[in-house]
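Trainee: the following comprises the amino acid sequence and a computationally predicted model.
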Number of protein chains: 2
Amino acid sequence: MKAIEKLLLAVENGKHICVGLDSDSDRLPKHLLTNDNPVFEFNKKIIEATRDYAAAYKINFAFYEALGIKGLEALIKTLKLIPSETLVIADAKRGDIGNTSKKYAQSIFGHLKFDSVTLHPYMGFDSIEPFKAYKAKLTFILGLTSNPSAKDFELQKLQNGNFLFQEVIKKVNDWNEFKNLGIVFGATKFKSLRENFGLIKNLPVLLPGVGAQGGGLKEVADLFLKNKKSDFLVNVSRSLIFADNSPNFQQRVREKIIELNEQVCS
Amino acid sequence: MKAIEKLLLAVENGKHICVGLDSDSDRLPKHLLTNDNPVFEFNKKIIEATRDYAAAYKINFAFYEALGIKGLEALIKTLKLIPSETLVIADAKRGDIGNTSKKYAQSIFGHLKFDSVTLHPYMGFDSIEPFKAYKAKLTFILGLTSNPSAKDFELQKLQNGNFLFQEVIKKVNDWNEFKNLGIVFGATKFKSLRENFGLIKNLPVLLPGVGAQGGGLKEVADLFLKNKKSDFLVNVSRSLIFADNSPNFQQRVREKIIELNEQVCS
């Protein structure tokens, strides 16, 4: 199944929540810490609780890399638990050129078999091309991110009148003849999202920043649905997966993702 | 020993060549392929051949990540072979925000104990700060990169008159109160390097792009030395480590790095 088909299947079923597996080993429920690989055990329980409701899963590489080989093992084992019809995004934010970029693409799409990835645009098309070459995958490129210092560069105005992030979105549109590119747009930047909605055109959008970072789910979802654009995913990480630290945390996580789906579709 | 002290010790001894361990498993000398971990065996031999002449080693993460756990094992074992007084750079080109960025910094500086790292500037200061907080380390931020599509964004002119890469270099200067930031500048962009030399000020510079990518070592080195700026590293990867594929490749690699050092200092 192509990555975009997985995304569209989810949204047809009213699912827009991407579960961010930012499985910080310092924040796991205490009763899991006696396991051989607590991060994997935690992910297993989160996936059990959310698999019927999640539009996608996003693996945030930092939390796995920080644990070395044990972390990579947790990542690989976690991937095997995700239903084959559900989109899995490597939130790796890679960005390099030439044969290095090819190797990153091979690692994420070939070796680990992710459906999707996040990339930095800074180095330009050379850094996107080896990922784009995987036509059945879906490559999300950073547009406007959710953090305050997006102003340092992303919100710099260019002499051609575009903000840098707008230039990125326009170029990603130009590069999208295989219909396998999308963009990342921070849900905390709602005003910019609304103002730039027309620019996004046919690009699928991954929206982080809801929950712990303060973005509003309802207003974001309404904007998309009102404009009849359904190919969006709202990522929720900490505020969902760490909603409860008790031994019974799966129940609260399941209730929470059901609530989130209802907020989107109500 | 602080990272910057390692760099300055090397350059005082006339060493400016950073050995790029882009140890592509598809390009290793055939006689090494029967080893349990051919990439590690290759690195071991490259380090033996170059350790007396290398100013630094740069580990290009893509080539290790593409091999999964075996690759991470090769990376970890390789780090142990590098002399403790020699700078080791994680060419990981990471870039994220908040607790994710903290975890990446913890992974590279804490867990793996690299001296130095490369980062993307796109997301702004938020993505740099957790690395900068490691005061004894050295964080290189992408300025102008060696690839043709640097023109897509890095060479966009801003309304304030700067090219994007110039804005990045200026801001990196502003953020450098701990003297632990540097920049990456592609050696293939010699004209731009000469024109922007004054902008770089006190930032150490990592220069990739010499050799396989076509940058000229002599002209780059002359520019720095003429301007009495010694804190620069010229990275050479493929054209050095794959200079010879015979069982006797160490000899050619050693000759080659000696030649490269001589070109810099002649």
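Mentor: Here it is on my side, so go on. From a predicted model like this one, the values you see are computed outputs, not experimental measurements.
Trainee: drop to CA atoms for contacts and neighbour counts, all remaining ones
Mentor: Fine.
Trainee: assess the claim that A:Tyr64 and A:Ala74 are in contact.
Mentor: Yes: between A:Tyr64 and A:Ala74 there is a contact at 7.3 Å, judged by CA atoms under 8 Å.
Trainee: those two: who's more crowded?
Mentor: Just comparing A:Tyr64 and A:Ala74: by other CA atoms under 10 Å in any protein chain shown the higher neighbour count belongs to A:Tyr64, 27 against 20.
Trainee: next up, the contacts around that one.
Mentor: A:23, A:70-72, A:74-75 (CA atoms under 8 Å, 6 or more residues apart in numbering or on different chains).
Trainee: can you list those residues in CSV and add pLDDT?
Mentor: Below are the contacts of A:Tyr64 laid out as CSV (pLDDT from 0 to 100):
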residue, pLDDT
A:Ser23, 98
A:Lys70, 97
A:Gly71, 97
A:Leu72, 97
A:Ala74, 98
A:Leu75, 98
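Trainee: among these, which are located in helices?
Mentor: In helices, defined here by DSSP state H, the members of the contacts of A:Tyr64 are A:70-72, A:74-75.
Trainee: what's the closest of these to chain B?
Mentor: A:Leu72 (6.9 Å; CA to the nearest CA).
Trainee: where along chain A do the strands fall?
Mentor: A:17-21, A:56-60, A:87-94, A:116-119, A:138-144, A:181-185, A:205-207, A:232-236 (DSSP state E).
Trainee: before we move on, back to that, any chance of the ones in helices among the contacts of A:Tyr64 in JSON lines, with distance to B:Gln250 too?
Mentor: What follows is those, written out as JSON lines (distance: CA to CA, whole Å):
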{"residue": "A:Lys70", "distance to B:Gln250": "34"}
{"residue": "A:Gly71", "distance to B:Gln250": "35"}
{"residue": "A:Leu72", "distance to B:Gln250": "32"}
{"residue": "A:Ala74", "distance to B:Gln250": "38"}
{"residue": "A:Leu75", "distance to B:Gln250": "37"}
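Trainee: could you list which of the residues you listed also contact chain B?
Mentor: A:Leu72 (CA under 8 Å from any CA of the partner chain).
Trainee: and the pLDDT for A:Asn265?
Mentor: No Asn there; residue A:265 is Cys. Listed pLDDT for A:Cys265 reads 81.
Trainee: so what's it up against?
Mentor: A:14, A:221.
Trainee: go again with 10 Å.
Mentor: A:14-16, A:218, A:221-222, A:225 (CA atoms under 10 Å, 6 or more residues apart in numbering or on different chains).
Trainee: same check on A:Asn248?
Mentor: A:Pro29.
Trainee: about what we covered before: between the contacts of A:Tyr64, identify the one with the most neighbours.
Mentor: A:Ser23 (24 neighbours).
Trainee: my guess is that one meets A:Leu67, correct?
Mentor: No: taking contacts as CA atoms under 10 Å, A:Ser23 lies outside contact range of A:Leu67: 11.1 Å.
Trainee: mind listing the shared neighbours of the two?
Mentor: A:Val39.
Trainee: show me the helices in the stretch 101-250 of chain A, by range?
Mentor: A:125-132, A:164-174, A:190-195, A:197-200, A:217-226, A:238-241, A:249-265 (DSSP state H, counting those that start in this stretch).
Trainee: report the contact partners of the residue nearest in space to the middle of chain A.
Mentor: Centroid-nearest residue in chain A, with CA atoms, centre = their mean: A:Lys58, separated by 4.9 Å. Each residue near A:Lys58 by CA under 10 Å, 6+ apart is listed here: A:18-22, A:87-92, A:114, A:116-118, A:235-237.
Trainee: and A:Leu87, what does it touch?
Mentor: By CA under 10 Å, 6+ apart, the neighbours of A:Leu87 are A:1-10, A:18, A:54-58, A:114-116, A:137-138.
Trainee: now A:Val234: how far from B:Pro148?
Mentor: 34 Å (CA to CA, to the nearest Å).
Trainee: when those two are compared, which one has more neighbours?
Mentor: Between A:Val234 and B:Pro148, counted using other CA under 10 Å, A:Val234 has the larger neighbour count: 28 against 14.
Trainee: please list all residues in contact with that one.
Mentor: Going by CA under 10 Å, 6+ apart, A:Val234 touches A:15-20, A:55-56, A:185-187, A:205-210, A:217, A:220-221, A:260-261, A:264.
Trainee: what's the answer for A:Gly216, then?
Mentor: A:187-190, A:209-210.
Trainee: before we move on, what about A:Leu33?
Mentor: Here A:Leu33 is in contact with A:25-26, A:39, A:41-42 (CA under 10 Å, 6+ apart).
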